[in-house]
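Colleague: Give me a model of this one.
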Amino acid sequence: MLARLLERAQQLLRRGPRRLRQKRTMRLECLSAPAEVVFDDAGVPFLYASSQRDLLALQGYLHAKDRLFQLEMMRRLAKGTLSAVV
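Modeller: Numbers count the residues shown, from 1 in each chain. As a prediction, the model looks like this:
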């Protein structure tokens, strides 16, 4: 069962994005070289970078960008100021 699951995961990784929805080249100060983000038709990002450090930095950036609202609410909850928003 595990072998079939790993085989399927490899097939999906080799296939890459199904349909190109949006392609962006990102330049952030923390990156040592340009990196590319490709979104498929489901909005799933595929990240391409020249180093693992850049890849992880880009992943963190995208995660924070997508979750900005959640991060703000959790920050306000921790500070005790959530009721000011609601």
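Colleague: So which helix or strand of the chain has the lowest pLDDT on average?
Modeller: Taking mean pLDDT, DSSP states H and E as the measure, the chain has strand 22-26 as its least confident helix or strand, at a mean of 67.
Colleague: which is the next helix or strand following it?
Modeller: Next helix or strand after strand 22-26 toward the C-terminus (DSSP states H and E): strand 35-39.
Colleague: What residues of that following strand count as buried?
Modeller: For strand 35-39, burial by neighbour count (16 or more other Cβ atoms under 10 Å) applies to 35, 37-39. Every residue, glycine included, has its C-beta placed from N, CA and C.
Colleague: any chance of the residues you listed in a markdown table, with distance to Ala9 and pLDDT too?
Modeller: Output for the buried residues of strand 35-39, formatted as a markdown table (distance: Cβ to Cβ, whole Å; pLDDT from 0 to 100):
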| residue | distance to Ala9 | pLDDT |
| --- | --- | --- |
| Ala35 | 23 | 86 |
| Val37 | 21 | 86 |
| Val38 | 19 | 86 |
| Phe39 | 20 | 83 |
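Colleague: Select, from those residues, the two members most distant in space.
Modeller: Ala35 and Phe39 (13.8 Å; Cβ to Cβ).
Colleague: what's the spacing between Arg53 and Arg67?
Modeller: 21 Å (Cβ to Cβ, to the nearest Å).
Colleague: so where do the helices sit in the chain?
Modeller: 2-15, 52-66, 68-79 (DSSP state H).
Colleague: weakest of those helices in terms of mean pLDDT?
Modeller: Across those, helix 2-15 has the smallest mean pLDDT, namely a mean of 72.
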